[in-house]
Each structure stands twice: as structure tokens, then as C-alpha cells.
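A.B. asks: sequence and predicted structure are below.
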Amino acid sequence: MSITLILIILTSGVSIYAWSHQDLLDKWVFHPFSVNKKNQWYRFVTSGFLHADWTHLFFNMLSLYFFGEVVERVFMASFGYEMGIALYLLIYLGGMIIADIPTYIKHKKDFDYRALGASGAVSAIIFSSILFNPLNLICLFAFICMPGFIFGFVYLIYSYYQGQRMGGGINHSAHFYGAVFGFVVSFLLLPGSGVNFIEQIGAWRLPFFN
């Protein structure tokens, strides 16, 4: 079984269990105030295995399924099975942690602020995949499709803008920083991927110019 599927099963199981066990949800949710006052640093990771509802869980795990398999194969092909898994987890768990650091700094004295979800980790995996395959089509709402590098550009701008506005009750800054982490660390781990990324984009043409 792939590490991507293991993460999906584990995250889904924990999320579903926590919906009916409020004590676990309270203990594991990302609560910057508790991290700051009680040194509960584990919340940076445990909160990434919790989700607010079925919709939140479904879209995160669906995205992880489609993009995670690509990243997993690239790392295993380049570094071997064990090291490939370790580096894949570095991207996933590292994205999960790094994505929440700006949120922690901003809300560490805010008792009422809480956050949960694997969005930062999943964003890291998505942008690692975009680095490796920038021309693969990514579709929004099943009918708005665009090459990955264009999607990534739009995603970063939107996430940064919404993060400044704190729009919609969603932690958009986690999406932004997770995405940047996944792209940059993957680039550093596989330097040739940068050249491949640029070459693929350079060869891309709009469909009506082909």
C-alpha cells in the first residue's frame, strides 16, 4: 500500500473518530494559545489529522490522492523506496508544520482561535507535483482546467490575498506557506527538477497557437 493511501486512511479515521469524541478534538486541534502557554507543540502535527466536516475531509483527501501518488513515485524513483518515503513525509509533515507557523505567531495570544485540517500539508504535495509536472491539467469544479503552473500562480495570489483579509473563516495563509514550502524543498531535493520545470513551461503554447 502506498504511503499516500496510508495517510488518507489514517487522516480519515482520526477525523471521523474525533467528530464524536470532543475531548480528542479539543486536545489535538491547533490552538496557538495552548502551544504558547503550555508548550503543546504536538498540535502542529495532530491538527493536520483533524477536519471540520465531510466536505473538508473529502476535498483534502481527494487532492492528496491525485497529487500524492505523483510525488511519491518521483521520490521513490530518484532516491529508492525507504528514502523516497522519508522525503515524501518530509514534504507532507513539513508542510503541515511550516504552514501553521505564521498562524501561531499571529494568534499565540488569542485564546479563541483554533484551526484544523491537512490543507497546508496537501498544498505542499500539490506544489511539489506542479514542480515535477507543470503542464499537467488541474481542474476546478470539474470543468475549469488549466496547466499546473498557471493554477499554482493563481492559487498563490488568491491564498496570499485572502490570507491578508482573513476571508471566509479559512486559514488561507496555511495554504500559501504550505505550497511555497512544498515547491522550494522539492526543488532543493531534486535540483534537476528546476531545469525540467522551466523547459516544460518554455515549450508550452496556448492551444489555439499550436
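C.D. replies: Arrived safely.
A.B. asks: next SSE after the least confident helix or strand in the chain by mean pLDDT?
C.D. replies: Of all helical and strand segments in the chain, the minimum by mean pLDDT, DSSP states H and E falls on strand 137-140, at a mean of 83. Moving toward the C-terminus from strand 137-140, the next helix or strand (DSSP states H and E) is strand 144-147.
A.B. asks: what are the pairing partners of that next one, and which direction each?
C.D. replies: strand 137-140 (antiparallel) (DSSP bridges).
A.B. asks: and the contacts of the partner strand?
C.D. replies: Ile130, Cys145, Met146, Pro147, Gly148, Phe151 (Cβ atoms under 8 Å, 6 or more residues apart in numbering). No exception for glycine: its C-beta is placed from N, CA and C like everyone else's.
A.B. asks: so where do the helices sit in the chain?
C.D. replies: Along the chain, counting by DSSP state H, helices occupy 3-19, 22-28, 32-38, 43-46, 54-79, 81-107, 119-132, 148-165, 172-189, 192-203.
A.B. asks: quick check: which of those helices is buried the most?
C.D. replies: Of all those, helix 119-132 has the most neighbours on average by mean count of other Cβ atoms under 10 Å, namely a mean of 29.
A.B. asks: what helices and strands are in contact with that helix?
C.D. replies: Using 3 or more Cβ pairs under 8 Å, 6 or more residues apart in numbering; DSSP states H and E, the elements in contact with helix 119-132 are helix 54-79, helix 81-107, helix 148-165, helix 172-189, helix 192-203.
A.B. asks: the third one packs against which elements?
C.D. replies: Spelled out, that is helix 148-165. helix 119-132, strand 137-140, helix 172-189.
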